[in-house]
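Participant: okay, predicted coordinates and the sequence, questions at the end:
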Amino acid sequence: MAKTGPGVVVAGLTLAALAVVTVLAVQAEGTAATAVAAQPGPSASSATPSAQASAAPGPSLEPLPSAAAVGSTRRVVYSISAKQVWLVDPKKDPQVVAAFTVEPGSANPAQGSYTVYSRAAAANGTDGRPVEHVVRFTQQGGTVFGFSAAVDGSTPAADPKAKTGGIRSTRQDGQTLWDFAPVGTRVLVVS
């Protein structure tokens, strides 16, 4: 049997380790794509923004409005009429890392550009329901506007008799938005 020097053994172990890491990375990428593809309903997001770099809006979702597609800043785009949110990161390809439908409150924020100013992991919504992943971006006329998810997973239509600014998503989409939008993130509200 021929003797092998220590350099050859180290090189072999290094190559084996790199091969294992590569296989695990490919499997992880495949798992993320499978999770996005297998998701029920019209949502095109998954638990983390990094897992959805390849996720594009599904057939039942509206495309990103052209006016909101321009810009070099990472942003949350909320369309009042489409009842939809897009998470946009210009450094990614595609730039839309997630898109999902939401259920708005009984009041709508004015169209414009805002900044996430406050977040809460858990709170009570203006409708009295326990909510999580609260991302607030403006206050207008005494109404606080922000994104959240009901802890019970529901997304009921807002009571028109109460003035509420909570924009509700599923818990999974709420987690995705929470991970994407720390304080200081731009929020663009369009019609």
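Facilitator: Yep, that arrived.

Participant: got the contact list for residue 160?
Facilitator: Residue 160 makes contacts with residue 106, as judged by Cβ atoms under 8 Å, 6 or more residues apart in numbering. Bear in mind the C-beta positions are built from the backbone N, C-alpha and C, glycine included.

Participant: where does it land in three-state SS?
Facilitator: Under DSSP: H, G, I helix; E, B strand; the rest coil, the three-state class of residue 160 is coil.

Participant: in the strand ranked longest in the chain, which residues are buried?
Facilitator: Counting by DSSP state E, the longest strand found in the chain is strand 130-140. Across strand 130-140, burial judged by 16 or more other Cβ atoms under 10 Å covers 131-138.

Participant: likewise stretch 183-191?
Facilitator: 185-190.

Participant: contacting residues for the closest residue to residue 141 other than its chain neighbours?
Facilitator: The spatially closest residue to residue 141, leaving aside those adjacent along the chain, is residue 107, at 7.8 Å (Cβ to Cβ, 6 or more residues apart in numbering). Applying Cβ under 8 Å, 6+ apart, we find residue 107 in contact with 141, 143, 145, 163-165.

Participant: and residue 107, what pLDDT?
Facilitator: Residue 107 carries a pLDDT value of 95.

Participant: what strand or helix carries it?
Facilitator: In this structure, residue 107 sits in neither a helix nor a strand according to DSSP states H and E.

Participant: residue ranges with poor pLDDT in this structure?
Facilitator: 1-59 (pLDDT under 70).

Participant: any idea how far residue 82 lies from residue 161?
Facilitator: For residue 82, the distance to residue 161 equals 25 Å [Cβ to Cβ, to the nearest Å].

Participant: so the two - more neighbours on which side?
Facilitator: Each of residue 82 and residue 161 has its neighbours counted (other Cβ atoms under 10 Å); residue 82 has more, 18 against 7.

Participant: contact partners for the more buried one?
Facilitator: Applying Cβ under 8 Å, 6+ apart to residue 82 gives the contacts 62, 101.
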